[in-house]
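1. need coordinates for the below:
(chains A, B, C and D)
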Protein chains: 4
Amino acid sequence: MCGIFGISGHNEAARLAYLGLYALQHRGEESCGIVTCEKTRMRSHQGMGLVGDVFKEATLKTLTGNIAIGHVRYSTTGSSVEKNIQPFLVRHQSCSMAIAHNGNLTNTLGLRDLLEGKGSILQTSMDSELIVHLLAKSRRKDRKERVVDALAQLEGAYSLVMLMDDVLVAARDPFGFRPLCLGRINGSYVVASETCALDLIQAKYVRDIEPGEIVFISGKKLESIKPFPERRHAFCIFEYIYFSRPDSNIFGKNVYQTRKRLGRCLAKEAPVKGDFVMAIPDSGSYAATGFAEESGLPLETGMIRNHYVGRTFIQPSQLIRDFRVRIKLNPILDVIRGKKIGVVEDSIVRGTTSKARIKTIRDSGAKEIHLRISCPPLRFPCFYGIDFPTKKELIASRRSVAWIREYMELDSLDYLSLSGMLKSMLLPECEFCTACFNGKYPTPVSRKHGKDMLEKK
Amino acid sequence: MCGIFGISGHNEAARLAYLGLYALQHRGEESCGIVTCEKTRMRSHQGMGLVGDVFKEATLKTLTGNIAIGHVRYSTTGSSVEKNIQPFLVRHQSCSMAIAHNGNLTNTLGLRDLLEGKGSILQTSMDSELIVHLLAKSRRKDRKERVVDALAQLEGAYSLVMLMDDVLVAARDPFGFRPLCLGRINGSYVVASETCALDLIQAKYVRDIEPGEIVFISGKKLESIKPFPERRHAFCIFEYIYFSRPDSNIFGKNVYQTRKRLGRCLAKEAPVKGDFVMAIPDSGSYAATGFAEESGLPLETGMIRNHYVGRTFIQPSQLIRDFRVRIKLNPILDVIRGKKIGVVEDSIVRGTTSKARIKTIRDSGAKEIHLRISCPPLRFPCFYGIDFPTKKELIASRRSVAWIREYMELDSLDYLSLSGMLKSMLLPECEFCTACFNGKYPTPVSRKHGKDMLEKK
Amino acid sequence: MCGIFGISGHNEAARLAYLGLYALQHRGEESCGIVTCEKTRMRSHQGMGLVGDVFKEATLKTLTGNIAIGHVRYSTTGSSVEKNIQPFLVRHQSCSMAIAHNGNLTNTLGLRDLLEGKGSILQTSMDSELIVHLLAKSRRKDRKERVVDALAQLEGAYSLVMLMDDVLVAARDPFGFRPLCLGRINGSYVVASETCALDLIQAKYVRDIEPGEIVFISGKKLESIKPFPERRHAFCIFEYIYFSRPDSNIFGKNVYQTRKRLGRCLAKEAPVKGDFVMAIPDSGSYAATGFAEESGLPLETGMIRNHYVGRTFIQPSQLIRDFRVRIKLNPILDVIRGKKIGVVEDSIVRGTTSKARIKTIRDSGAKEIHLRISCPPLRFPCFYGIDFPTKKELIASRRSVAWIREYMELDSLDYLSLSGMLKSMLLPECEFCTACFNGKYPTPVSRKHGKDMLEKK
Amino acid sequence: MCGIFGISGHNEAARLAYLGLYALQHRGEESCGIVTCEKTRMRSHQGMGLVGDVFKEATLKTLTGNIAIGHVRYSTTGSSVEKNIQPFLVRHQSCSMAIAHNGNLTNTLGLRDLLEGKGSILQTSMDSELIVHLLAKSRRKDRKERVVDALAQLEGAYSLVMLMDDVLVAARDPFGFRPLCLGRINGSYVVASETCALDLIQAKYVRDIEPGEIVFISGKKLESIKPFPERRHAFCIFEYIYFSRPDSNIFGKNVYQTRKRLGRCLAKEAPVKGDFVMAIPDSGSYAATGFAEESGLPLETGMIRNHYVGRTFIQPSQLIRDFRVRIKLNPILDVIRGKKIGVVEDSIVRGTTSKARIKTIRDSGAKEIHLRISCPPLRFPCFYGIDFPTKKELIASRRSVAWIREYMELDSLDYLSLSGMLKSMLLPECEFCTACFNGKYPTPVSRKHGKDMLEKK
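-> Okay, the predicted model is just below:
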């Protein structure tokens, strides 16, 4: 997963991009980068690690210019090496281009073959580089036509920002898999993956970049085109369940309130008889609040998160993960001992982390544990940018709920139903991609690509 | 403030010390260090920064030996430079000594003069170095007598762990200002500032090291002495209010539950008529839970904390602080807009941070804001280890509650009463130091020292 | 200027490449890199700085495989940034290619336009990247044909080594501007810019790679082709004067002995009446030895070089240079005071460094100073890889010898004659490029390129 | 071995100290440091590595004040760790003191016992720390008396510079083992280990600090005292043979010219019949020049030194040394092949390095090799600061010249005689310490210390 940010026509472009990325850090902790443009000269700074570590005051000062794009990255496509840090920046025929991208293309293998067959040399394994090469190969002279020409060849998910000299381009694929919003600050336009980035820089939210839309922002002027045929929408529902920040509004709804609704719906579908409700912090906290409210049970803090460690989900190395599960959450024994507890979590991926946490609660003396999950079982891999493990590793793809309940030694286990989840969205069901739950992929997935993804790692 | 840890008679001493410090990280983010002893050879690793950054697998492997002490530090005494990192380690007359210390001595100036007058050379501005020099100057031959001899000259607050060759010494001043607990793992003894460090390494809590007690642990054998006259106790009540981790038990009670009781008591003393209760996260969260339960109002999440930034309170540089206030908390507009809100915070120190947060809530469209603080006004500096600003900077030392209410543009402001706070402790009132609230210092404070502290920085 | 090295069929390929680069360090101090290939997987390590700093034992261990190429670089073309470090490495159509290059192409501007016009994206300003793109664009299927196809489009100077998967390719342009030699160790072939690299790894010198020759080395088997029309030779005579190491044999002759012959010839052409002869160390040392022998004057050490500072000529930044002139050489006052001295230097470029050194000798009390230069006046820029300053900055391009003598406040100044220099070579005159002395460029230089070079910096 | 530098009353004190250390770098490559004083506030910067790497422009700017001392270090006493970097700096009873020291004390063990017995805590294993503790322990109130009091307790070799607040103190032990000279620049006094440091900063040499002299320099005023009884002198003759820079004058004579005299004397004592004379560069170069002149044989360059590697002698780790011998010198085959050669070297320590070099010359095809050493056999360890290996490792302490000749496979081997060496000095014989050659130590060496040193490592 990744987060992207762009701003045009602001004399503190780099600084605002920095703040924007800070707010989007949860979308990718592996690396980050900012590119600015002053006249036709691009300046770039990138590095492995967190925004707060990679950028220093002195660095920001070197990033001059009124226009900037930025990126935070967690590797979905492309291995985690320095040259895969985005934005991807090139100079071609006296035009400078930089691109930052969120989402996964599904026809990369075909595009690579095509380009290399014509003698192009690809330096990285990033989707963004492919897009740049398509732009360079286009025979159109006009900038807009070149962009349309290149994007028309892409399949899959992309929300992207580009600098083409001093023009900021933002685009979202016709399905609208990944969020991308438009804001305004002092008359300057901003685009960002989530509204929390607008909030931090105190920009006003204007609207979402629409599925299939391309905007060209030059200084403080914006032009929008929608050159592609309309497609059904396929908003990633997992952005609500887990990925986006609770204070963001995405696809038009607030994430925190959506999670509370998921929790309320879950409490109705699968109530718990117990002494209190607790969350697996922080991921399950908001659904737990809804669950507690709906059920009338008190909400207790049964585990404390150690704030000095990052998000398990987002760490690339398996080796580190086990240590972090152990160090991350500490139960409060005086709260748990001897109690019947409803435990709320947002989702179960591999099952190993959840099992370890449940065991911790059990070891702290809980009398009964009733686990409630605020989405349906995850059964299928995502080809559009969420870094799920392969199908084999998704516990619910191979095991029944009953099996998982026993594996985790639970007194009861219930997932939210697909219909319950969709109902909680307050948007038409057909707007969403639910492929990870039911395997209905909204785009054709090339067999090779699919196979590759299903068996990857 | 600081956190300390010690372990004896365990073949993974360094690794457990590392984990212990990880759990105590909230007590000091500036620097950390571990010293181990193998036979009579000490090994040490220290550095500026967080435990997770300073120590790597390779480093831990060099820290051989069955006995270890560790320290995390936020500078109270001594400036924030590398040579002030603890444990403080010396070799003297073929004996190796290392010491790690939590708390502030109140007679350091006198001790320095005394030692330098006798030709001792002090390399740092740390209390721990003074203690080591007192040990070196002692004419007693017996280890225990030397320790008693040295500690007898100290005034003020100290919880400390020492290595003297392969013997682990732990001690707590007769007033018991700072917590220090004793645990056991696989037959080996562990001492730590808080029980959360025992939990992480899955050690069993045995008891607190008592005020005035000194324990000598050699291998797996423990000997305890209490050589000093009994004094009244003076447990730091601010450890409950703010400093300790909610999952720890200190002075015999769980911190989280104590905070909930503070919140409940606050709701009784100063109820709010509003749409819901929210906390300033994370500091006010637990009192807010108690407040909401007692008041019957719903508990909402009105602000989201960005987990990529550390604890404001604990950052040394004022320059960074303002930026961090801004970047740390984001309001959820859809929750706050148009609502009457009870906001719960644990304490107000300078008032600037709280003011900024209240302003953020106001700017998000709150209709009424009723701020409730789960302790009384902080009016006096701490000479025993809490790094409050000088008296001048403590807003409540110079201003009335009414003035503060207006300054923060609140609809109402209430603090918990002193008696309410003490009642919530479920321990006799006389056990606590409440000097920061009422100026009743349990020990004489030398005028120079006091003056120095009152005007420091 | 640059130094290159390649080895095939040796199980310590990376380590030998490392040693080879160490021996070639004088050819480029700015950056260095090594690429190895194991089966079809390339491994690379590169960095700014000296070989001894960039490579560590641990790094060498990661560079597995039986084949390696390496490069040390001082920027002639391409600015001094990290991405310009060679070898340049790409993967294209499941073939890995890496290239390291010494010399300057003279048709880079044309090649860039051509490639970008066809949609190629160039990431660096290095000649080596152009060569790789020409290889990728070639429609030939056969590896040899592709190489010939690509090299046929190059104009100017190149000595290069390439890895194409597990085949080592070495080539030298038809004029043979830059040296490139072939050696053998334990049956494995080695190629290197100078024989000193063979000596260090105790490889036997076999022969030079000939002008216009391309060799393909697969394992321990070598195939040679000479696909291009024969051209006159144009060996860089400045390699003898200054650039190569004295212990190397290049173009078939030993450099140290050649320099001594230059000194002897100079003593005949322009004898000195004085008390002794001294060199400007180390550059003038060998010519000074010849000069002293021929003239019968004693050879004294009048200045001591501080070995802790690098070579002035090769430092990119003017700012540093002045400091280094001052710190690099210290006169021995007891030797110089009151004496008539013949001072021998290898060449004068800008004149500022020489002037500073002469001043130092004068300030030390020399009675007479007779400067002798072991080559003719440098009047023209080099387009083939020697990083002379622009024509304007070459002092002899604008000033007469008489003017320079006065400018440096010398008692006499003489340069070796062109014919004297050529005679000292013991090779036919027509084998050499002497363009920097007489402006006779052996290849056409495109006006734009020439203009660019003449005015560069 | 170490190098020291001090300057008082100059507004670029730190910068001049930096340059002075740069010139003294050959006396110690392991670490370096500078301390300045502005009013009573000392500022310090230190680091492992070379002066040019440890100090940057920005660092120098922080070292404010008109007075400075500096140190370059190669560990003789004290292991090579960061805390042993000099100058050693403390604050004691509101006086700041910093000290930098060259030489070895012979009564450190006694002094340590004494100080620790009185409760002093020693943090390092450096002689300089001992001196500081003696100063702190002194009961005298007057600065001068304190210094005399402390130095009176020292035995062995010391040349030292100290800052005591804003007074620069320089002292040399009564035997005068190590050099220390006094210079002047713009009216300000400078002290340095060798005159080459004065030359670089263009200071005028005034005189040597005399054996047993202490000077106190306050601003631009100097006061000298000689409080100790006169002793015989014991100038280190090995400073001339090997250690000092050839452009320095020490003990009143130029080092280069002294080395030439040693070579001339050697040629008379042990002439060679051969084709030419060559040096082992650079150590043997100056003696070789004298040897060639006296013998009438031509002087050839038979080996080239790679300037990218440091001085073998001065590297702490044995592991690195072997690699460096190999990489450091390359023979010129065309010069050596088939020739009868006189090879001149300054000294033989362990014999391993010399053996390796002779082997290289032999392998290059030399017909006869006649090795000549410009000092007598080294048979005894140095207790005064030269870091010879233990007696056991000194090849000449256990083996005859005939044995060594065979071991190195030489056609002949001759050392300069003791009387020849002393005659070449042009100073009375009794001025020198020749203990490393004949075991006559000028001071009593405590048995324990001696034993320790003889078996050390």
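2. tell me which residue in the stretch 201-350 of chain A sits closest to chain D.
-> A:Tyr308 (27.8 Å; CB to the nearest CB). Bear in mind the C-beta positions are built from the backbone N, C-alpha and C, glycine included.
3. what is the burial count for the nearest residue to that residue once chain neighbours are set aside?
-> Spatial nearest neighbour of A:Tyr308, excluding adjacent residues (CB to CB, 6 or more residues apart in numbering or on different chains): B:Gln25 at 4.8 Å. Neighbourhood size, B:Gln25 [other CB atoms under 10 Å in any protein chain shown]: 23.
4. try A:Arg337
-> By the criterion of other CB under 10 Å, A:Arg337 has 12 neighbours.
5. can you check A:Pro428 too?
-> That count, for A:Pro428 with other CB under 10 Å as the rule, works out to 9.
6. next one: A:Gly212
-> 20.
7. other residues contacting stretch A:136-148?
-> The contact list for stretch A:136-148 (CB atoms under 8 Å, 6 or more residues apart in numbering or on different chains) reads A:90, A:92-93, A:115, A:118, A:120, A:135, A:149-150, A:162, A:164, A:167, A:169, A:171, A:214, A:216, A:225, A:227, C:116, C:119-121.
8. any idea how far apart the tips of it sit?
-> 13 Å (CA to CA, to the nearest Å).
9. domain-wise, how is chain A divided?
-> A:2-231, A:250-455 (automatic domain parsing).
10. now the last one: how far from the chain's centre is it?
-> Going back to what we said before, that points to domain A:250-455. 17 Å (CA atoms, centre = their mean, to the nearest Å).
11. closest point of chain A to chain D, which residue?
-> For chain A, CB to the nearest CB, closest residue to chain D: A:Ala58, 11.9 Å.
12. against B:Thr301, how distant is the residue of the stretch 101-250 of chain A found nearest chain B?
-> Closest approach between the stretch 101-250 of chain A and chain B, counting by CB to the nearest CB: A:Asp247, at 4.1 Å. Noted for A:Asp247: a distance of 9 Å to B:Thr301, by CB to CB, to the nearest Å.
13. skipping adjacent residues, who's closest to A:Phe432 in space?
-> A:Ile237 (4.5 Å).
14. count of neighbours near that neighbour?
-> By other CB under 10 Å, 24 other residues sit near A:Ile237.
15. and A:Arg350, by the same measure?
-> Applying other CB under 10 Å, we find 15 other residues in the vicinity of A:Arg350.
16. quick one on the thing from earlier: how about the residue of the stretch 201-350 of chain A closest to chain D, secondary structure?
-> For A:Tyr308, the assignment made with DSSP: H, G, I helix; E, B strand; the rest coil gives coil.
17. can you read off the pLDDT for it?
-> In this model, A:Tyr308 is scored at 78, pLDDT.
18. the helix or strand A:Val72 falls within: what's the following helix or strand?
-> Counting by DSSP states H and E, the element that carries A:Val72 is strand A:67-73. Counting by DSSP H and E, the next helix or strand C-terminal to strand A:67-73 is strand A:88-92.
19. and A:Val401, what does it touch?
-> Taking CB under 8 Å, 6+ apart, one finds A:377, A:413-415 in contact with A:Val401.
20. one more time with 10 Å, if that's ok
-> Residues in contact with A:Val401, defined by CB atoms under 10 Å, 6 or more residues apart in numbering or on different chains, are A:373, A:376-377, A:413-415.
21. against chain C, how distant is it?
-> From A:Val401 across to chain C, the span is 44 Å (CB to the nearest CB, to the nearest Å).
22. do A:Gly9 as well
-> A:Gly9 sits 28 Å away from chain C, going by CB to the nearest CB.
23. which residue ranges of the stretch 51-200 of chain A form strands?
-> A:67-73, A:88-92, A:95-102, A:159-164, A:167-172, A:181-185, A:188-192 (DSSP state E, counting those that start in this stretch).
24. just those: most buried one?
-> strand A:67-73 (a mean of 30; mean count of other CB atoms under 10 Å in any protein chain shown).
25. got the CA coordinates for it in CSV?
-> Taking C-alpha atoms only, strand A:67-73 is exported to CSV below (Å, rounded to 0.1, in the frame of the first residue of the first chain):
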residue,chain,number,x,y,z
ILE,A,67,4.9,22.6,-6.8
ALA,A,68,5.5,19.3,-5.2
ILE,A,69,4.5,15.6,-5.1
GLY,A,70,5.3,13.1,-2.4
HIS,A,71,5.0,9.4,-1.7
VAL,A,72,5.1,7.0,1.2
ARG,A,73,5.6,3.4,0.4
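26. so who does A:Asp166 touch?
-> Contact partners of A:Asp166, counting by CB under 10 Å, 6+ apart, are A:8-9, A:37-42, A:65-67, A:96, A:217-219.
27. ok, back up a step: surely the residue nearest to A:Phe432 touches A:Cys430?
-> No - counting by CB atoms under 10 Å, A:Ile237 sits too far from A:Cys430 to count as a contact (11.9 Å).
28. need the contacts of A:Val401 in JSON lines (columns: pLDDT, neighbour count and distance to B:Met421).
-> Below are those laid out as JSON lines (pLDDT from 0 to 100; neighbours: other CB atoms under 10 Å in any protein chain shown; distance: CB to CB, whole Å):
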{"residue": "A:Ile373", "pLDDT": "98", "neighbour count": "27", "distance to B:Met421": "40"}
{"residue": "A:Pro376", "pLDDT": "98", "neighbour count": "22", "distance to B:Met421": "47"}
{"residue": "A:Pro377", "pLDDT": "98", "neighbour count": "20", "distance to B:Met421": "48"}
{"residue": "A:Leu413", "pLDDT": "98", "neighbour count": "23", "distance to B:Met421": "42"}
{"residue": "A:Asp414", "pLDDT": "98", "neighbour count": "17", "distance to B:Met421": "42"}
{"residue": "A:Tyr415", "pLDDT": "98", "neighbour count": "24", "distance to B:Met421": "44"}
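29. excluding its backbone neighbours, what's nearest A:Tyr256?
-> Nearest in space to A:Tyr256, with sequence neighbours left out and distances taken as CB to CB, 6+ apart, is A:Pro246 at 3.7 Å.
30. how about that neighbour, what does it touch?
-> With CB under 10 Å, 6+ apart, A:Pro246 has these contacts: A:196, A:240, A:254-260, A:282, A:285-286, B:301, B:304, B:330, B:332, B:335.
31. next one: A:Leu422
-> Contacts for A:Leu422 were tallied using CB under 10 Å, 6+ apart; they are A:237, A:376, A:416, A:428-432, A:434, A:437.
32. same thing with A:Met278?
-> Going by CB under 10 Å, 6+ apart, A:Met278 touches A:284-285, A:288, A:291-292, A:297-303, A:331-332, A:335-336, A:339, A:341-344, A:361, A:366, A:369.
33. surely it is within a helix?
-> No - counting by three-state DSSP, A:Met278 falls outside a helix, being strand.
34. quick check: beta-bridge partners of it?
-> Counting by DSSP bridges, A:Met278 is bridged to A:Val343.
35. quick one: it from A:Asp334, how far?
-> For A:Met278, the distance to A:Asp334 - CB to CB - is 13 Å.
36. please apply the same query to A:Phe388.
-> Counting by CB to CB - A:Phe388 and A:Asp334 are separated by 37 Å.
37. show the contacting residues for A:Leu16.
-> Per CB under 10 Å, 6+ apart, neighbours of A:Leu16: A:5, A:7, A:10, A:68, A:70, A:185, A:188, A:190, A:197, A:200-203.
38. same question for A:Ile34.
-> A:Ile34 sits next to A:5, A:13-15, A:17-18, A:20-21, A:43-46, A:51, A:54-55, A:59-60, A:63, A:68-71, A:87, A:98, A:100 when contact means CB under 10 Å, 6+ apart.
39. what is the orientation angle of the strand holding A:Val72 with strand A:159-164?
-> When axes from the mean of the first three to the mean of the last three CA atoms, to 10 degrees is applied, the directions of strand A:67-73 and strand A:159-164 differ by 140 degrees.
40. show me which residues of the lengthiest helix in chain A are buried.
-> If you go by DSSP state H, chain A has its longest helix at helix A:255-269. Within helix A:255-269, the residues that count as buried by 16 or more other CB atoms under 10 Å in any protein chain shown are A:255-267.
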